[in-house]
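Student: Fold the stuff below for me.
(chains A and B)
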Protein chains: 2
Amino acid sequence: MNSKPPRPILTVGSMAFDSVRTPSGRADHVLGGSANYFSLAASLFTPVKIVAVVGEDFPKAHLQFLHEKNIDVSGVQIAAGKTFHWVGEYDTNLNEATTLATALNVFEHFDPKLPSTHTSCPIVFLANIDPVLQQQVLNQVKGHELVACDSMNFWITGKPEELKKTLKQVDILSINEKEAFLLSDEKSLEKAAKKIQAMGPSNIIIKRGEYGSALFTPSGIFLAPAFLVDQVIDPTGAGDSFAGALMGYLAENGANRTLMKNDPKAWDQLMRRAIMYGTVMASFTIQDFSIGRLKTLTREEVMLRKEHLLKMTSIGAF
Amino acid sequence: MNSKPPRPILTVGSMAFDSVRTPSGRADHVLGGSANYFSLAASLFTPVKIVAVVGEDFPKAHLQFLHEKNIDVSGVQIAAGKTFHWVGEYDTNLNEATTLATALNVFEHFDPKLPSTHTSCPIVFLANIDPVLQQQVLNQVKGHELVACDSMNFWITGKPEELKKTLKQVDILSINEKEAFLLSDEKSLEKAAKKIQAMGPSNIIIKRGEYGSALFTPSGIFLAPAFLVDQVIDPTGAGDSFAGALMGYLAENGANRTLMKNDPKAWDQLMRRAIMYGTVMASFTIQDFSIGRLKTLTREEVMLRKEHLLKMTSIGAF
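Tutor: Down below sits the predicted model:
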């Protein structure tokens, strides 16, 4: 931690109810959504401002809970109707969810408008939503210093041109392995990453589920394993909380586009460390259904597991 | 390298013809077999002695080639009949081979007898063969200092009691992820490793194909990614050449059971480094069919790629 004023992150994403079945059990109509996972993870490092929409059925107590966690929910619209609801399941291959049903509800007519308190956030994370909405949000933020986004097969195949417009404006793309191959039409990680870098984002994080992640920066490649957990209860939110810790750490440690361009080595180092925090955060998230584990997680627990992970990946002097 | 006399490795395994189809193409009746892959990899570090059987159709020129590579083939029996022949294929999931046919041929009546020049090798590697044969070989070696073995689902389900007898006698087990779960009846890596450690081998290497490997020693856990290659031509032999470099490095650097017991920290460090060499070797193997790449591979190329891999896994001071 440093003594500089905190740099808040603006994120746009979903606030949802999830009904999910995994080999460990099931959870019905529990709190979920990318903005929820992202903001709880990031808030352990820096303040977060959420832009999202919920229905009248969304618990006010949860918004209050987020507020107490240093998460600004004044940009969360409460619209007439029901909250977005996702129904999905995971089989023994916990790396991939099968969507059984999606009720967009109030999300269908989501028109993100940023309060004036939100338009000068230095760091922006565009969670996995319609790339048109991603651009709409980003265009309202003035003077941003660092922008990251997530996406998925649905947008890669459904709105490729709009997604490419978003990609031109972002510095960091977080995406899973299959989607990286789909987006790049390549079959090797390194070739895929290079092709996607040419689309805009100088930094590509390719998520490999239980096997970790691969990071491609302008000056290096970093391969990180996942932390070993005894039992994966529910993989939902792993990617969003990974991104939350990553962006939170970057915000806390002064990362911006200028550093990336002027000192690619220092930037690369910072990104590697951020990946470790993302890895640790994801490992906590999957140890409970919904945001169960994130709600009680402390910074101290994160630090402890980060040390544990470092021991598991350290090769020592060679 | 140190100036002490080299410590040779004795290995027992298959010398075979392989016919293999992968998404990159096919190779018919090419040289293969665990002993071939293992010894070529290990010989970049230390002398190797092979115990195996081939048929009269096996090319003498290849035995001569191995001999020139510091691999002692005087323990390779040439029996009346044909050499072991494996026919297999890989689909887009390159982590797993499908066996289409196996012609054991001379391997069916293989009765490993060690020449007197072979019975005092300090290091032993029992490649993936019938655990009865593994024990038969090991029982002929006097005063061994370090023993490793490999196995597979076929023996785990087919000869579980014999396999357990072998496991009681080995220090290092190398096995793939699915087989580790099968052998331990566990679903998490760490639990599986602990259960298998209790069966005998203090060190478990769990191979995860394109995602790398996990090492469990008496004093630590090490997670290593695989090296990124542009194209996997043929995964055959990746595990055996991984083991070859690992054991070769351990042999060259004085690793033995005594060090493991007396200085578990130093042992753990040595194992982590050995894993890096195994990782590098496997990445070369899969870049060509058969032993194509291993035949020309130099120690310098291995060292160069090891440096490259270290850069991909280093997190720096934190």
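
Student: Please verify my assumption that residue A:237 contacts residue A:284.
Tutor: No - contact between residue A:237 and residue A:284 fails when scored by Cβ atoms under 8 Å: they sit 10.2 Å apart. (Each C-beta comes from the backbone N, C-alpha and C, glycine too.)

Student: of these two, who's got more company?
Tutor: When residue A:237 and residue A:284 are compared on other Cβ atoms under 10 Å in any protein chain shown, the one with more neighbours turns out to be residue A:237, at 30 against 22.

Student: who's in contact with that one?
Tutor: For residue A:237, the residues meeting the contact criterion (Cβ atoms under 8 Å, 6 or more residues apart in numbering or on different chains) are A:32, A:34, A:36, A:37, A:285, A:286, A:290, A:291, A:294.

Student: List just the nearest of those residues to chain B.
Tutor: Ranked by distance to chain B (Cβ to the nearest Cβ), the contacts of residue A:237 are led by residue A:286 at 11.9 Å.

Student: these two touch, right, the closest one and residue A:228?
Tutor: No - between residue A:286 and residue A:228 there is no contact under Cβ under 8 Å: 11.6 Å.

Student: Of those two, which one has the most company?
Tutor: residue A:286 (25 against 19).

Student: hmm, back to that, filter the contacts of residue A:237 down to just the ones in strands.
Tutor: Judged by DSSP state E, strands contain the following of those: residue A:32.

Student: closest to residue A:74 among the contacts of residue A:237?
Tutor: residue A:36 (16.0 Å; Cβ to Cβ).

Student: Contact residues of the stretch 101-250 of chain A facing chain B?
Tutor: A:187-191, A:208, A:211-212, A:214, A:220-225, A:228-231 (Cβ under 8 Å from any Cβ of the partner chain).

Student: same thing but at 10 Å, please
Tutor: Residues of the stretch 101-250 of chain A lying close to chain B by Cβ under 10 Å from any Cβ of the partner chain are A:177, A:186-191, A:193, A:208-216, A:220-232.

Student: quick one, longest helix in chain A?
Tutor: helix A:264-285 (DSSP state H).

Student: Can you mark which positions in it are buried?
Tutor: Under the neighbour-count criterion of 16 or more other Cβ atoms under 10 Å in any protein chain shown, helix A:264-285 has A:267-285 buried.

Student: okay, and the common contacts of residue A:286 and residue A:228?
Tutor: Shared contacts of residue A:286 and residue A:228 (Cβ atoms under 10 Å, 6 or more residues apart in numbering or on different chains): residue A:210.

Student: one step back: so which of the residues of the stretch 101-250 of chain A next to chain B are in helices?
Tutor: Using DSSP H, those in helices are A:177, A:189, A:190, A:191, A:193.

Student: ok, then the element right after the worst-scoring helix or strand of chain A on mean pLDDT?
Tutor: Among the helical and strand segments of chain A, the one scoring lowest on mean pLDDT, DSSP states H and E is strand A:98-103, with a mean of 93. Tracing the chain past strand A:98-103, the next element assigned as helix or strand by DSSP states H and E is strand A:123-126.

Student: That following strand pairs with which strands, and in what direction?
Tutor: Using DSSP bridges, the strands paired with strand A:123-126 are strand A:9-12 (parallel), strand A:146-150 (parallel).

Student: Need these in TSV (columns: mean neighbour count and mean pLDDT).
Tutor: Converted to TSV, the strands paired with strand A:123-126 look like this (neighbours: other Cβ atoms under 10 Å in any protein chain shown; pLDDT from 0 to 100):
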stretch	mean neighbour count	mean pLDDT
strand A:9-12	28	98
strand A:146-150	24	98
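
Student: mind checking which of those strands is nearest residue A:75?
Tutor: strand A:9-12 (8.1 Å).

Student: mind listing what residue A:81 touches?
Tutor: Neighbours of residue A:81 in contact, by Cβ under 10 Å, 6+ apart: A:53, A:54, A:55, A:56, A:57, A:104, A:105, A:106, A:107, A:108, A:109.

Student: what's near enough to touch the fifth one?
Tutor: Under the criterion of Cβ under 10 Å, 6+ apart, the contact list for residue A:57 reads A:17, A:29, A:78, A:81, A:82, A:83, A:85, A:105, A:106.

Student: Let's see that with 7 Å instead.
Tutor: A:82, A:83 (Cβ atoms under 7 Å, 6 or more residues apart in numbering or on different chains).

Student: thinking again about what came up before, neighbour-wise, which one of the contacts of residue A:81 leads?
Tutor: residue A:54 (28 neighbours).

Student: before we move on, the earlier item: alpha carbons only: can I get the longest helix of chain A in PDB?
Tutor: Provided in PDB are the C-alpha atoms of helix A:264-285 (Å, rounded to 0.1, in the frame of the first residue of the first chain):
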ATOM      1  CA  PRO A 264       7.400  -2.000 -20.500                       C
ATOM      2  CA  LYS A 265       9.700  -4.100 -18.200                       C
ATOM      3  CA  ALA A 266       8.300  -2.500 -15.000                       C
ATOM      4  CA  TRP A 267       4.800  -2.800 -16.500                       C
ATOM      5  CA  ASP A 268       5.400  -6.500 -17.200                       C
ATOM      6  CA  GLN A 269       6.500  -7.100 -13.600                       C
ATOM      7  CA  LEU A 270       3.500  -5.300 -12.200                       C
ATOM      8  CA  MET A 271       1.200  -7.400 -14.500                       C
ATOM      9  CA  ARG A 272       2.800 -10.700 -13.300                       C
ATOM     10  CA  ARG A 273       2.200  -9.700  -9.700                       C
ATOM     11  CA  ALA A 274      -1.400  -8.700 -10.500                       C
ATOM     12  CA  ILE A 275      -1.900 -12.100 -12.100                       C
ATOM     13  CA  MET A 276      -0.800 -13.800  -8.800                       C
ATOM     14  CA  TYR A 277      -3.500 -11.800  -6.900                       C
ATOM     15  CA  GLY A 278      -6.100 -12.700  -9.600                       C
ATOM     16  CA  THR A 279      -5.100 -16.300  -9.200                       C
ATOM     17  CA  VAL A 280      -5.500 -16.200  -5.500                       C
ATOM     18  CA  MET A 281      -8.800 -14.400  -5.600                       C
ATOM     19  CA  ALA A 282     -10.300 -16.900  -8.100                       C
ATOM     20  CA  SER A 283      -9.200 -19.800  -5.800                       C
ATOM     21  CA  PHE A 284     -11.200 -18.300  -2.900                       C
ATOM     22  CA  THR A 285     -14.300 -17.600  -5.100                       C
END
